Every structure is written in structure tokens, then in C-alpha cells.
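Chemist: Build me a model:
(2 chains)
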Amino acid sequence: MVELITLILFFFALYVIVSLSLNLEFGYGGIPNFGKALSVLTGALVVGGILNRLLIWYFGIEGDFISASSLAAYRMTEIVSQNPLIGLGIFLFCVTMAVVAGAIAGALSILPSAKLKGDYLGVTLLAISEVVYLILFYNTEIVGGYYGVSVPDILAFVPGEYRVYAYTVLALICALLVYLFLEKLLNSPYGRILRGHRENEDLIKAFGRDVMKLRIKTMALGSAIAAIAGVVFVFYSSSVVVNAFNRVEWTFYPFLIVLLGGKGNNKGVVLGAFIFVLLKMLIDFYKFDIKYLLHLPFEAVWLQYIVFGILALLILCYKPEGILKEEPIYTPPIKSRLKTNP
Amino acid sequence: MIDVLIGAMVWSNLLVLLALGLTMTYITTGVPNFAQASFAIVGSYIALTLLRLIGLNPYLSIPVTFILGGILGLSTYYIALKPLIKRKASIEMLMIATLAWDLILFGIIGAYSEVLSAITKKTETLFVFTSLDFNIYGIPGRLIVSSLLVLLTILGLYLLLYKTKFGIALRASMENPSLAEAMGINVENTRLFSWFLSGALACMAGSVLPYLQEIVPQTGYFIVVSIFAASIVGGLYHIVGALVGGYIIGISESLFTYILSILLGPGVLVYSKVISLLMMIATVLLHPRGITGTEMWRRVERWLNL
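Modeler: Residues are numbered from 1 along each chain as shown, chains lettered A, B, ... in the order given. So this is what the prediction gives:
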């Protein structure tokens, strides 16, 4: 039972980070980023592709990339188990790199279609994300592809049985920081211009703002945040397997969470993430029981896809504003007006 | 080399069929349908089922897949999109709805492949029809059949759109829905027609696809980029765009991978998607309305007197 709760909390934290970043882009900015999975994958790429290569070079290991990185990961884990500071240092280093790489990936991916309207934007973002995913999946020399590569355990100094809890706490801290940062950020002129952009692009243009720059900035920011989730996820599972970063898990599910919780409302998105992860983990955890109980002639994972697909359609149809509605922005003038005549 | 050309032609023919549906539903409903690739895989599995259970050759089952595919297309419109359009949902919401529908179809395909495996006592999650193909004077059946399907589709569409009263109404409501509605044309019929045809053509293409490549439930995710590239390069606002884009993307994908495989050895199949993506991005950057949206195309059209 404790296992299940830890698992739920860990994935809750990850999905909070990714969904909040999507909420910034889609909920506030109105950019349909159907390439969200790309930014999470960028975080994984930083750890599996860059950190591992640095370690291999540092230890001077010969041989092909996949086996060399297992050896490098093993040696680094040994060092970290003696010296906690190095582990945390590596984590911070990777997060910093992931933020930079994520920002570049996000900005580049929207560049071709930054001037176009919603449908072209969404299609191009999805296509770029899919193609990068396919290349990383089939080319095993970049980050191990479908074989996967090991990465060092940065919390190796924590005794074995407590390590999962430590990772969960780390993920929750990251999620909390992201939440506080975004709340602060979106309650600023930038957040208001984003909402304005969603409602009416031409109005923003008329006020002298560059819509293209605004979109590029927002995508860079959103992707940088989502890349952090990729880093945390990879260190938690102590390996990079590209299949884990597919479109369903990291593009569709975040959209489902944002719609479920309420787009344009960060509190709602956190609530949505909790409900969603609870459902998903319960199905994952009890998949054999579900299969047996319902006499399913197939794996429960297919049922999970169907259920979440139907859930998304139902929300779109009956509750498109989500559980918690978007709130008006309480700027000082509005607050004072509310005080005088409530 | 000749094998590569045949493969390129078959793939282009199938892409044309898939992109035609995508373009048509985009014109009538205004939403890019992300589930288009999954329609094809549903078609592949319908053909597989008929083959395994009653021994029907997949080429002969094309009429059945056509009709079932049409029903699939219609149900997509009725279940996933119409309720939202009625509530005046935004284009982004409609796109998410097609993504959700795609996921539902993916789940159904995956579950069904395991159910079918249990019935036939064989593994059906991965299959090909290549060994069933026939041969006429060295020309493989998949080339003949797919070319025939494209020819028949174009001929049928041409006769329907340009020679019948219904076709004129259809074209009118595609070009300017509100004006057509003011003239007393039922625009809803156009949508139903385009969704039926979109599903039918995609499933038809899907039943030929296993002659060309292995099919797994995830195949849809592999081909979706090519379909969108074909529609966008050709132009999303013109039915002929799918035809032009389908051949351009299909042939360049195949030839590019062929040249790359000579240079770098096998295992470069995945890079074919890079060429479609680059062509799509180039189109989006230079001329988002695609080839059929250019001024030059309009001149060609006038010259052809269409």
C-alpha cells in the first residue's frame, strides 16, 4: 500500500510539472502544443545522451555507447554513494542543462509555424515531436533507443529501501517550485498579455506586441519546465528507454489533465493531475486483477487507453472549462473596486 | 532499383488515398484529423480478420473494408466531433477530440489484436500479406491494385463532383459554406459525405498496406506524419492537393531512403520521415496553402479548364 501511495505521489509530481507547463502554453497562451512529449524527451536526452557521454569521457571507458554507459553509470553510482554532494551536484547540473536544452528545443519547434493559426501550429508541433521521437527510438546510438541506457543513481547515498521515498520527495519539491514560479510569473503583465493573446491575437498586435516573439518565448519557457520532469523521471527509473516518452503519455495525458482540472487555472491543473494519476496508477497497479475480474481477453493497458480517450471526449463535450474555472486576474485596481462595491 | 520504384509507387498510391480523406474532412469540417492513420490500421485489421476467419483474399475484401471504413468515418464525425461543433467548440478543442478518438481507436486495435490472437491461436499483433500477393508479368499485385484504386477514386470523384447536381452542391458548400447554405444547400450532407469517404478510402488503403510493410497496432503512429506532410505540401484547401502531395511525399520518402541506404547501409528507414517533415516545414514557412494554393496552380487549372 505504501508502495502504491509513493508511486502515485511521484507520478503526480511529474505530471504536475508537465501539465503546468502545458497550462502555460495552452491554458494561458492558447498555443496547442501537441508536441509536449518532445520537451520531456529533451530532459531525458540531456541525461542519457550528454551526461553519459561526459562520464564515459571522464572515466575513459572504451566500447560501444550502451555498454560503456552502463559501466560509467555504475562507477558514478559508486562515487555518489560515498559523496552525497556530487550526486546532488550532478542533478542540479542536469536540470540546468535540461532547462537550456528544453528552451532551445521549444523555441526551435515553434519557429516554422509561429506566424500561423492554431491548426497548422498544432500539426507542425506534433509532426516535429513525432519525428524526433522516432529517430531517437530507432537509432540506438544516440540515447540507446529501444534498448535503453543506464544512468547513474544520483541518490545512491540514501539506503536502498528509502531511495524511492527520497526520489518522491525530490520530485515533489521540483513540482512545488515550478508551481510557485508559475503562479508568480503568470500574475504579471506577461501572464495577462498571454491571456490576451489567447482571446484575441489582433488586439495584442494593435497594442504593439510582437505575437511571434511572445509565442517563441512562451514555448521556450514551457518546454524548459517540462524538460525538468524528464530529468527527474530518468534518474528515478535509473535508465533512459525512449518508449517511455511517447505521445500518449506525455502529450495526450497532460492535455487531458489540463482539460480535466480547468485550463487557465493552475490550482485546477494540480487537482486534475492528482485525479488523473490516481486513476492511472490504480489501473496500472491492479491490471491483473482488472483483467481477471472483467474476464478481459486482452491486456488492461488497452482498456486504459480507451477509458482515457472516452474521458477526454466527455470532458470536451460536457465540461470544457474543467473542474475549477479560470479565475479573473486580481490586479490592484480590480481588488480596490471589489472592496468598494463587492 | 526496380523494387524500390515499385515500393515508392505503391506507397505513394496509398498516401494519396489517405491524404484525400484528410484534405476532404479538413475542407468540410475545418479540423485536421489526427486519427486518419488509425483508420488505415483499422482497415488492415478488418482485412486480416476476413482472411483468417473466412479465408477471403485481402484484395477481394476491399468492398467490405470500404463500407466498414465509411461507417468508421461517419461514427468519428457523429461521436467525437458533431457534439462539439454544436457547442461551438474552438478548433483546438476539436483537434484534441480527434487525438482522443485516435487513442480510443488505438486501444481498440490493440485489444482486438489480442482477441484475434486468442481466436486463431496465432500471434496477430504483427502481420504481413506479402506472401499472398500475385504477380502479372513481374508486376506485383500491390502495384496494380493500388494504382487501380487511385484511378477509380479519382474517376469516381471527378464524375461525382463535376457531372452531377449533388456534386455541384458539394463543391459549392466546400468553397463557401455560408453562401451555399443561403442558397438552400444542406451543408451537413457535405460533411457526412466527406467523413464517409475519408474513412472508406483510409480503410481501403489500410487493407493494401500489409502487402507493403509489417503492421503492428502502433503503425498508425509511424505513418501519421507522412499523411499530414502529403496533405500540407499539396495544399489543405484543395482536394487535388492530396493527389499532388501524396505522390511528391511518397516518392521522395522512398527514393531518399534508398539513396541514404546506399550511402550509410540499412537501418535508415526511419529517416524517410525526416524528409516528409522537412518538406512539410518548408511548405509551412514558404507557402502554407501548399502547391495547389499557389498562383501558378491556378493558371494550370485554368489551362486544364476545370
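Chemist: Quick check: residues of the stretch 51-200 of chain A near chain B?
Modeler: Residues of the stretch 51-200 of chain A lying close to chain B (Cβ under 8 Å from any Cβ of the partner chain) are A:112-113, A:116-120, A:122-124, A:126-128, A:130-131, A:134-135, A:137-139. C-betas here are computed from N, CA, C, even on glycine.
Chemist: Show the buried residues in these.
Modeler: A:112-113, A:118-120, A:122-124, A:126-128, A:130-131, A:134-135, A:137-139 (16 or more other Cβ atoms under 10 Å in any protein chain shown).
Chemist: Let's see which of those end up in helices.
Modeler: A:118-120, A:122-124, A:126-128, A:130-131, A:134-135, A:137-138 (DSSP state H).
Chemist: ok, B:Ala230 - contacts?
Modeler: B:15-16, B:18-19, B:242, B:245-246, B:248-250, B:276 (Cβ atoms under 8 Å, 6 or more residues apart in numbering or on different chains).
Chemist: For the stretch 101-250 of chain A, which segments are assigned as helices?
Modeler: Ranges of helices in the stretch 101-250 of chain A, per DSSP state H, counting those that start in this stretch, are A:118-138, A:140-143, A:163-186, A:189-199, A:201-206, A:211-237, A:247.
Chemist: who does the longest one touch, helix- and strand-wise?
Modeler: So the one you mean is helix A:211-237. For helix A:211-237, the elements it packs on are helix A:2-22, helix A:36-45, helix A:84-110, helix A:163-186, helix A:189-199, helix A:201-206, judged by 3 or more Cβ pairs under 8 Å, 6 or more residues apart in numbering or on different chains; DSSP states H and E.
Chemist: same question, the second one
Modeler: On a contact count with 3+ Cβ pairs under 8 Å, 6+ apart, helix A:140-143 meets helix A:36-45, helix A:118-138.
Chemist: still on that earlier bit, pick the most deeply packed of the helices and strands packed on helix A:211-237.
Modeler: helix A:36-45 (a mean of 30; mean count of other Cβ atoms under 10 Å in any protein chain shown).
Chemist: circling back: with distance to B:Ile91 and mean pLDDT added, can I get the helices of the stretch 101-250 of chain A in JSON lines?
Modeler: Shown next, in JSON lines, are the helices of the stretch 101-250 of chain A (distance: least, Cβ to Cβ, whole Å; pLDDT from 0 to 100):
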{"stretch": "helix A:118-138", "distance to B:Ile91": "5", "mean pLDDT": "92"}
{"stretch": "helix A:140-143", "distance to B:Ile91": "35", "mean pLDDT": "86"}
{"stretch": "helix A:163-186", "distance to B:Ile91": "24", "mean pLDDT": "95"}
{"stretch": "helix A:189-199", "distance to B:Ile91": "13", "mean pLDDT": "90"}
{"stretch": "helix A:201-206", "distance to B:Ile91": "13", "mean pLDDT": "88"}
{"stretch": "helix A:211-237", "distance to B:Ile91": "16", "mean pLDDT": "95"}
{"stretch": "helix A:247", "distance to B:Ile91": "20", "mean pLDDT": "93"}
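Chemist: wait, which of these is closest to A:Leu71?
Modeler: helix A:140-143 (16.4 Å; Cβ to Cβ).
Chemist: Flag every buried residue along the closest one.
Modeler: Buried, per 16+ other Cβ under 10 Å, within helix A:140-143: A:140, A:142-143.
Chemist: Kindly reformat the residues you listed as CSV containing distance to B:Thr294.
Modeler: Output for the buried residues of helix A:140-143, formatted as CSV (distance: Cβ to Cβ, whole Å):
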residue, distance to B:Thr294
A:Thr140, 41
A:Ile142, 37
A:Val143, 40
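Chemist: and of these, the nearest to chain B?
Modeler: Using Cβ to the nearest Cβ, A:Thr140 is the member of the buried residues of helix A:140-143 that lies nearest chain B, at 9.4 Å.
Chemist: wouldn't the closest one be in contact with A:Asp64 here?
Modeler: No: between A:Thr140 and A:Asp64 there is no contact under Cβ atoms under 8 Å: 9.2 Å.
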